[in-house]
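Colleague: Can you look at this prediction? I've put the sequence above it.
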Amino acid sequence: MQLPSGHAIVSVVVPCLNEAEAIGPLVLEILAEGVDEVVVVDNGSTDATAKAAAAAGARVVFEPVRGYGRACAAGVASVRSDCDIVAFLDGDGSDVPAFLPQVADEVASSRADFAMGSRLKGRREPGSMTPQQLVAGRIAGLLMQAAYGVTFSDMSPFRAMRLASLRDLGMAETTYGWNLEMQMRVAAAGFSCVERPVDHRCRRGGVSKVSGNLRAGLAAAGKITTTFLRLWWQLRSRSVASSTHARQALG
């Protein structure tokens, strides 16, 4: 992919579940930006998502066990071997691929180790994000600032990172905690992080798996909260153990 700072091999991973209406046009938009491949992960769809994605030019992989994190992990495991940067977008058409060069170039240019497109800093179509999504992003940002001194305004799925660095993070979440886990792990590792404003649209078809109804939204919010607390404790305990081991080795 030709980026402002030069050329880099960019693979875009798109996790999908029943997004047949949106995925074809979205893949075409992503490819129009000059990326090197689009990997659509069909996470157990019962519609024609896989067929529509392949017809539009994506490489389709299958992860039959449902879970957003599982789908993302399957995509990361399936990108081409010479990939430099892996980027993520949602499959419902709400993310705007025109911002891919800006987000990916933050990493390609080494200005940041982790780059995320902030929907809160960009322009949003009315109704494209629910109040609970906006609040969840703000709360998660405040918690991460308090814990790690890193400021995030969003938990946007639109993000990019070097493949080697991502694989070294030790990602383990299998559901909607994946995005939060990634942000927490990069912050805990001391990686440089940056947000770029990105536009956000209403979904282009299908039904939201998280924000489409109150019950699903509350379940996702609960998962995000417990994920933060659990990961914070794990990462803190690991850091304390490493410091203790280092002191013992020196003493």
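Modeller: Sure thing, it's come through.
Colleague: do you know how far residue 141 is from residue 121?
Modeller: 11 Å (Cβ to Cβ, to the nearest Å). In this view, the C-beta of every residue, glycine as well, is placed from N, C-alpha and C.
Colleague: Which one's more surrounded, the two?
Modeller: The residue with more neighbours, out of residue 141 and residue 121 and counting by other Cβ atoms under 10 Å, is residue 141; that gives 20 against 14.
Colleague: so how far is residue 169 from that one?
Modeller: 19 Å.
Colleague: repeat for residue 32
Modeller: 30 Å.
Colleague: The two: which has the busier surroundings?
Modeller: Between residue 32 and residue 169, counting by other Cβ under 10 Å, residue 169 is the more crowded of the two (17 against 11).
Colleague: and residue 156, helix, strand or coil?
Modeller: Under DSSP: H, G, I helix; E, B strand; the rest coil, the three-state class of residue 156 is coil.
Colleague: what residues are up against it?
Modeller: Neighbour list for residue 156: 95, 116, 117, 118, 119, 137, 179, 198 [criterion: Cβ atoms under 8 Å, 6 or more residues apart in numbering].
Colleague: So what does the spatially most central residue of the chain look like in phi/psi?
Modeller: Geometric centre of the chain, nearest residue: residue 157, 3.7 Å, by Cα atoms, centre = their mean. Main-chain dihedrals, residue 157, degrees, to the nearest 10: phi -70, psi -10.
Colleague: One more: residue 162?
Modeller: Note on residue 162: backbone dihedrals following degrees, to the nearest 10 are phi -70, psi 140.
Colleague: Just give me how far whichever strand or helix holds residue 103 sits from the chain centre.
Modeller: Using DSSP states H and E, residue 103 maps to helix 100-108. Put simply, helix 100-108 sits 14 Å off its chain's centre (Cα atoms, centre = their mean, to the nearest Å).
Colleague: same deal with stretch 165-184?
Modeller: 9 Å.
Colleague: now swap in stretch 63-73 and tell me
Modeller: That offset, for stretch 63-73, works out to 13 Å (Cα atoms, centre = their mean).
Colleague: Now do the same contact list for the closest residue to residue 159 other than its chain neighbours.
Modeller: Counting by Cβ to Cβ, 6 or more residues apart in numbering, residue 159 lies nearest to residue 116, which is 4.4 Å off, once chain neighbours are set aside. Counting by Cβ under 8 Å, 6+ apart, residue 116 makes contact with 103, 152, 154, 156, 158, 159, 160, 183, 193, 194, 195, 196.
Colleague: what do you get if the cut-off is 6 Å, keeping everything else the same?
Modeller: 156, 159, 195 (Cβ atoms under 6 Å, 6 or more residues apart in numbering).
Colleague: How about residues contacting the helix holding residue 103?
Modeller: So helix 100-108 is contacted by 3-5, 8, 10, 33, 85, 87, 112, 115, 117, 160, 162, 194, 196 (Cβ under 6 Å, 6+ apart).
Colleague: Filter the residues you listed down to the buried ones.
Modeller: Listed as buried from the contacts of helix 100-108 are 3, 8, 10, 33, 85, 87, 112, 115, 117, 160, 162, 196; burial here means 16 or more other Cβ atoms under 10 Å.
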